[in-house]
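**Student:** Mind looking at a prediction? Sequence and model below.
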Amino acid sequence: MVRSRFLKGWFRVPRKSTECSAEYIYYTRGNVTHKLLFYADNTWAGFARNVQITTELLGDVALKPVTHNDYRNISEAVRKCQLCSGNTDLDAAASCTVMLKIRCNRTVRCQMCANAREAMLLAQRRKETADVSARIQAKSRTPLSALSPQELKQRASNLGRLVDSKNTELARCKDKIKRLSNKQSISLAHNSDVNKLVHETVVKAEPKFDSEFKQLFWQQQVKQNSLKCKTAMRWHPMMIRWALTLNSITGAGYDYVRESGALDLPHANTLRKYICFKEKSCGILNENIDMLKSKLKGNADVALMHDEIKVKDKLVYNRANGELIGFVELGDINTAFHNIESEPTDTSTVDSKQIASHALCFMARSLTSKNCLPVAQFATNSLTADQLFNMFWEVVGALETEGIHVRCSISDGAATNRKFYMMHSNDFPEDPVVHRCINTFTEDTEHNTLYFVSDVPHLLKTTRNCVENSHGHNNTRNLVVS
């Protein structure tokens, strides 16, 4: 019978199976490190951290102990066997099952795990150093809020050094360009012979182009460069039209190309004279209505679109008539009512006119062709549905008088437009939703219905915003899709 007093430092635990007659465990620093199992046939088995120890590693010990010394030798041999700790503290997958014959109370590792640990520690230190170094680099994308005070100081220092190096490099490049320019360049401004030679070469070259506009563009550039007084240039109408198109697409880009000297283009003041050849004012644009009528040629059914855009709220002096432009103009009736409503109670105030912050434009577009023109414009400030009602029917009346029939009205879903629709609810009271009204200006009594249509791009944008802000983003909507 095995007795625990012969196994010093071991503790006996209750048997877990009938095959095992006794089970002993050994603690090291509060953890079970070794285990001995004695079976009914007087054999035994030793374990180190739940891994069985082979008899080759135990050495010359009794396989079937008889004497007390046999039990002591078995316990000492088992305690001398240690399982390699591996490198699980650095990598959870870096475990090891190698058994070592060494007795100590510290962590032991095999030679392979020890060498691997050195490489893993070196890689970890390099990664930590690289992470810290990358965080404080001048071009790092790490947010400043994620840096410590010491890292912020190092980041600022690196930024200063980067700026100094770039400034030094820029100064070096400027000096090099200046030296090369002084040494190798030729000033054409003070050499009339060279200028004459270059001009004659360009004129005689006569390059061939695949389009007439390219040929015209080349000729205009040569003509501009041949003039001593650049302001004496008379540009071709095609060049003026092309310059107007480019300036309308990107004014800053047009100015950059012109000021860089790469191309000779008309000045912005020259283009402005062609744009402002007609004086425009707020109200009904009768000239545009006549022009639209001539283009329609019998197909006089149009859709009347209106929208309000933001403009700079400031005054501009008109040199032609000496008036100030920029005040609110809502038409004769609306302007009168607006001035009465906005008239200050303080009689010491000189002028009660308000400066316009928006521009309301009415555009007529043909339903059967691509012809469209603005037919009215008004300067507004805090537009109301009542004001929109008067302006809309004033424009409709002007179009119907010229034989242009307005079949529908297109606008966005602004609150002012929706209230404007509701003002026509008495025309068709049986409709659950106000979507049409009676056009009293048309002479065709059978087809005098005018429909209200919402602008499709605005509807798509509103739908997108509602879906985007439902259960997320601004979280201002609570849409449920079933």
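**Tutor:** Thanks, I have the structure now.

**Student:** First-to-last residue distance for stretch 79-91?
**Tutor:** 27 Å (CA to CA, to the nearest Å).

**Student:** hmm, who's touching that stretch?
**Tutor:** Here stretch 79-91 makes contact (CB atoms under 8 Å, 6 or more residues apart in numbering) with 9, 26, 33-34, 46, 48-49, 51, 53, 57-58, 94-104, 107-110, 113, 116-117, 120-121, 124. C-beta here means a position set from N, CA and C on the backbone, and glycine is covered the same way.

**Student:** and stretch 379-386, what's its mean pLDDT?
**Tutor:** Averaging pLDDT along stretch 379-386 gives 89.

**Student:** same thing with stretch 444-462?
**Tutor:** Taken as a whole, stretch 444-462 has a mean pLDDT of 89.

**Student:** For that stretch, buried residues please.
**Tutor:** Within stretch 444-462, the residues that qualify as buried are Leu450, Phe452, Ser454, Asp455, His458, counting by 16 or more other CB atoms under 10 Å.

**Student:** of those, closest to Lys64?
**Tutor:** His458 (94.7 Å; CB to CB).

**Student:** OK, contacts around Gly46?
**Tutor:** His34, Lys35, Leu36, Leu37, Gln52, Ile53, Leu58, Ile74, Ala77, Val78, Cys81 are the contacts of Gly46 under CB under 8 Å, 6+ apart.

**Student:** Any quick PyMOL command for the buried ones out of the contacts of stretch 79-91?
**Tutor:** Buried residues within the contacts of stretch 79-91, by 16+ other CB under 10 Å, are selected in PyMOL with:
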select buried, resi 26+33+34+46+48+49+53+58+96+99+100+108+109+110+113+116+117+120
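
**Student:** Which members of the contacts of stretch 79-91 are positioned in strands?
**Tutor:** In this view, those that belong to strands under DSSP state E are Tyr26, Thr33, His34, Gly46, Ala48, Val51, Met99, Leu100, Lys101.

**Student:** Helix, strand, or coil at the nearest residue in space to Lys230 that is not next to it in sequence?
**Tutor:** Counting by CB to CB, 6 or more residues apart in numbering, Lys230 lies nearest to Gln224, which is 6.9 Å off, once chain neighbours are set aside. Classification of Gln224 by DSSP: H, G, I helix; E, B strand; the rest coil places it in helix.

**Student:** shift numbering so it begins at 28
**Tutor:** That works, and once the first residue is 28, the last one we named lands at Gln251.

**Student:** report the longest helix in the protein, please.
**Tutor:** Ranked by residue count and defined by DSSP state H, the top helix of the chain is helix 176-211.

**Student:** Just the buried positions in it, please.
**Tutor:** Glu178, Gln181, Arg182, Asn185.

**Student:** That one - contacts with which helices or strands?
**Tutor:** helix 138-162 (3 or more CB pairs under 8 Å, 6 or more residues apart in numbering; DSSP states H and E).

**Student:** So which residues make contact with the helix it packs on?
**Tutor:** Helix 138-162 is contacted by residues 111-114, 117-118, 121, 123, 125, 136, 167, 169, 173-174, 178, 182 when judged by CB under 8 Å, 6+ apart.
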